[in-house]
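Provided below for reference: sequence and predicted model.
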Amino acid sequence: MTLSEDQPTRNLDISENATRHSQLRQGEVLQERYEIQEIVGIGGMGSVYRARDKNFKAIRLVAIKEMISQVTDPLVRKNIFQIFEREANILATLRHPSIPRIYDYFTIGERAYLVLEFIHGKNLEQLLAETSGFFPEEQVLAWAVELCDVLDYLHSHKPEPIIFRDIKPSNIMNTLQNHIALVDFGIAKVFESKQKNTMVGTQGYSPPDQYRGEATPKVDIYALGATLHHLLTLRDPQLEAPFSFGERMIGEINPNVSREFAAVVERALEYKPEDRYDSAMEMKDALINVARKTGTLLNLSIPTTVSSGAPSRGVGVKPLWTFEAEDELRSSPTYHDGTLYIGCYDNNLYAVDAANGDFKWKYATDGGIASKPAIYESNLYFGSEDKRLHVISTRSGKVVWTHYTNGPVRSSPRIAEGHVFIGSDDGSLHAVSLSSGRLAWRSEVGSPVRSTPWVGNEHIYFGSEAGDFTATDFRGDARWRFKAKRAITSSPVLQDGVVYFNSMDGTLYALDANTGWAVWRFRLGKGSICTPAIAGNMLYTGAADHIIYAIDTRSAKEMWRYTTEHQVNGSPIVHRDAVYCGSVDGSLYCLDAASGRMRWRYQTDAPITGTPVAHDDMIFIGSTDKKLYAFLA
Amino acid sequence: MANFLKKLFRKKKPATASLPSNAATAPLSEAQLWDLGNGERPGKYIHLIAGSALDQGQRRENNEDSLLCFNGTLGAGDLATPFGMYIVADGMGGHRSGEIASETAVRALGQYLIQHLYKPLFGPDPQPADESLREIMEAAVNEAHRAVKRSAPGGGCTLTAALVVGTQLVIAHLGDSRAYMVHRDGRMEQLTKDHTLVKRLQEMGQLSEEEAADHPQKSVLYRALGQGDIVQADFFTGSLSPNSFLLLCSDGLWGFVEEDDIQTIINATTSPYLACLHLVEAANAAGGADNIAVILARLVH
């Protein structure tokens, strides 16, 4: 057996070498739990598979790394497995966004398996192979900062620092979210045969000191410098004389790179360890300064404007499945226990299998359904144009009870404190007892309530079409009112004592939840019916001016904006580090939450007016082209 | 102003039966405050308590720091609306213009805020203001800027102003006075960014932290009230959580007392007033090389 220099997750044609050991087949199940879906990589020690974790009803994908011991001596093999187990245990304690989580490990015969978080994306070596020109400096800079961050995390590990020892493009994944992840921790090394006396580390990327057997943070810093040099110059150090970076000055090969950035990389590549940065943190600070000085890193608290002009990676995003209803899907799906529920303008509420889009059942009302269903204790609550609030069993799809209002119900229900709260075009908010299905009280506001109420802070908050924003107590008595200049169809969101909503008057309001005092207002280009989404200090919302906005709630400043090609009437959601939002231009957009850069968009055949829902790795959204779509997040 | 105070306290209702007996009225005694600070009480009735201290320090011949510490709580029914207005300004410029600038700034800003918030908050028929708190604060800063230019031409001052309405907090900031949130768990969060050249150079990577600390021009500001035609303040909105202290101070405090010590002193007592005195003592013990202005505010249930 010859050892491959490549790390196992690299995508290669299946080589004879690796197929010598039989690979697991699609559909095979390990540990009665992990169902193999496909081989995603071949390496010297075994294969890497994508598998589905059957313990979860929802689709949870995992990567399973297989390491096959070449050793025949049972004692030596036992020793190897012990080392594997020890290392797996250390790695299992690591928590960093750029390190795949380890979920499980086990051994079967001469094979050891590691179950890891599945990272969607490509490694930097693949990107290097595909690129037709230089990478933009800001892209490499963003990767560099993240790499320094994860190295700093590893180097600060207690009691012993973890030295990665093998930083190189093929060990760095670029996720679909355009972040980096370090893969292939040294764990595979114990399976390498000793016969070749393998030096840990890869020729071309490793510093001289590593060749003396030293493993210090400076080793990783050098290798990171070498990787960045490769990314910036596209000159593979493995094809050049060792330690010859000084002969290939970055600025001479790629004049687009700022002198400041080149200087940081070159310092990391100093021949003597003492001349390099002392720590990854120090190097990260230097990189951030470069970003500030050159203005390259757009997401470092500098407001940016991103236009929809140039589509980037991920243009080829395909839905995992689609489900076609009989009429337009204007509303938003709800996920519960492996099933999606979505109302349709054909009067039906559909239940669809979230794993594959298979039809489960439908329930007919006497009017179109424009709202998002709510779930509570296996019952489904939703309003319809037929003036009723419907409550049906998720198990059977049969009606439990209904509640009549005096107008079409376009508000979505909110369930809290033993009641369902829902607005109606009859001009009031209804509070209906969950146990009896009886109306507890109505709060009349004199104009249709299409906004979905928010319940929290001992109040119920909702807007009305006449532009009134009302906070009532649990008896339905108004505690305070706020008047906007036009309709408030947008649904409020409460966070940290502030309630946020939009109005058709083109303003995003932030009101004190206790008093209704405006803390700040933000001018949108046009009116908005979107419900804001909040993550940390960032608020995301859309408006009829075609724009998706990101606003810092602490400074009330716009951090970025993304312009779509038509009105944004559906609401954004934030899932992990991305914002997902549909537009009347028919596209679902996936934007980087920090910078607003588009990661991908998917064009459906008609306007999107609903809000997506996320569950685990998946994003679901309905379109007025009648289809419900499922995407990988 | 006196009229305002009269109205404020006259309107306060007696405590209802459900309230703890020692939470009935403000101002409270030190013992009551101590008691309040040590117990978590559920309920919506909240007080805003604050203390302040202003000291010339050991070496300066005048005091160019000014502060305004204004506190109120309007209780109605089971709801309380605390109101607080805290301003620290540190003046600069020769011929007393530094003193004039900082005093003018706190007076002009305070006056504007009270004029615009008095009616909606404490008037007989309260209606929330037409403008948001942030917009009122922005207008107040502009007003103060014009006032300083009039009364102290060529002079100027830093300005760190906090407005508390209910649990909402709005901060306007210019210069190198600071606002911090000091949490009970010992975390100390700086809410403002110093507008000093040295800090800027440091952010740009041109100066190290050590170099910056001893830099001869470390208090040269690139933004200040009363300087330039238009004023560009930083704004911050957030909420004041009941377990945290809001600290406003001039560089006479933060420049000479380590953050760790500031935090320890503040968390050693539940009385903002005593804590302010101790902070001034600490700054003087460290040499008292500059004027010291400190305000501490806290919401208590």
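Yep, it's here. None of the values given here were measured: they were computed from a predicted structure. Residues are numbered from 1 along each chain as shown, chains lettered A, B, ... in the order given.

quick one, what contacts the residue lying closest to residue A:395 once chain neighbours are set aside?
Closest residue to residue A:395 apart from its sequence neighbours, by Cβ to Cβ, 6 or more residues apart in numbering or on different chains: residue A:378 at 6.2 Å. All C-beta spots, glycine's among them, are computed from the backbone N, C-alpha and C. By Cβ atoms under 8 Å, 6 or more residues apart in numbering or on different chains, the contact set of residue A:378 is A:393-395.

Now the stretch 51-200 of chain B against chain A: closest residue?
Chain A sits closest to residue B:132 of the stretch 51-200 of chain B, with a gap of 3.6 Å, by Cβ to the nearest Cβ.

any idea of the pLDDT on the closest residue to that residue other than its chain neighbours?
With sequence-adjacent residues excluded and distances taken as Cβ to Cβ, 6+ apart, residue B:132 is closest to residue A:518, at 3.6 Å. At residue A:518, the model reports a pLDDT of 93.

With residue B:266 instead?
94.

again with residue A:172
For residue A:172, the model assigns a pLDDT of 94.

Next, the contact list for it, please.
Contacts of residue A:172 by Cβ under 8 Å, 6+ apart are A:123-124, A:143, A:147, A:180-183, A:227.

so where is the chain shaky, pLDDT-wise?
As the question left the chain open, I've gone with chain A. Within chain A, the stretches with pLDDT under 70 are A:1-21, A:43-44, A:186-203, A:211-213, A:295-316.

my bad, chain B
B:1-44, B:78, B:200-207, B:216-219.

Please repeat the previous calculation with a cut-off of 50.
B:1-28, B:31, B:33-42 (pLDDT under 50).

Get me the contact residues on it for chain A.
Counting by Cβ under 8 Å from any Cβ of the partner chain, chain B comes close to chain A at B:44, B:79, B:81, B:120, B:128-129, B:131-135, B:165-168, B:170, B:203-205, B:234-239.

re earlier: give me every residue that touches the residue nearest to residue B:132.
A:482, A:509-512, B:128-129, B:131-133.

Look up which helix or strand residue A:90 falls in, please.
Assigned by DSSP states H and E, residue A:90 belongs to helix A:74-92.

in that helix, what counts as buried?
A:77, A:80-81, A:84, A:87-88, A:91 (16 or more other Cβ atoms under 10 Å in any protein chain shown).

hang on, the earlier thing: now, the residues of chain B next to chain A that are in helices?
B:120, B:133-135, B:203 (DSSP state H).

just checking, residue A:553 touches residue A:532?
No. When contacts are counted by Cβ atoms under 8 Å, residue A:553 is not listed as touching residue A:532 (9.5 Å).

For chain A, which segments count as helices?
Under the criterion DSSP H, chain A carries helices at the ranges A:16-19, A:74-92, A:124-130, A:137-155, A:208-211, A:217-233, A:250-253, A:259-268, A:280-294.

Setting aside sequence neighbours, what's the nearest residue to residue B:153?
In this structure, residue B:153 finds its nearest non-sequential neighbour in residue B:97, 7.6 Å apart by Cβ to Cβ, 6+ apart.

ok, that neighbour - how many residues close by?
22 (other Cβ atoms under 10 Å in any protein chain shown).

residues contacting it?
B:91, B:152-155.

how many other residues sit next to residue A:208?
Residues lying near residue A:208 (other Cβ under 10 Å) number 14.

Quick check: the gap between it and residue A:264.
Distance, residue A:208 to residue A:264, using Cβ to Cβ, to the nearest Å: 20 Å.

same thing with residue A:357?
The value you get for residue A:357 to residue A:264, if Cβ to Cβ is used, is 48 Å.

So between these two, which is more surrounded?
The neighbour comparison of residue A:357 against residue A:264 (other Cβ under 10 Å) goes to residue A:264, with 23 against 19.

thought that one was touching residue A:288?
No. Contact criterion Cβ under 8 Å: residue A:264 and residue A:288 do not qualify, at 10.2 Å.
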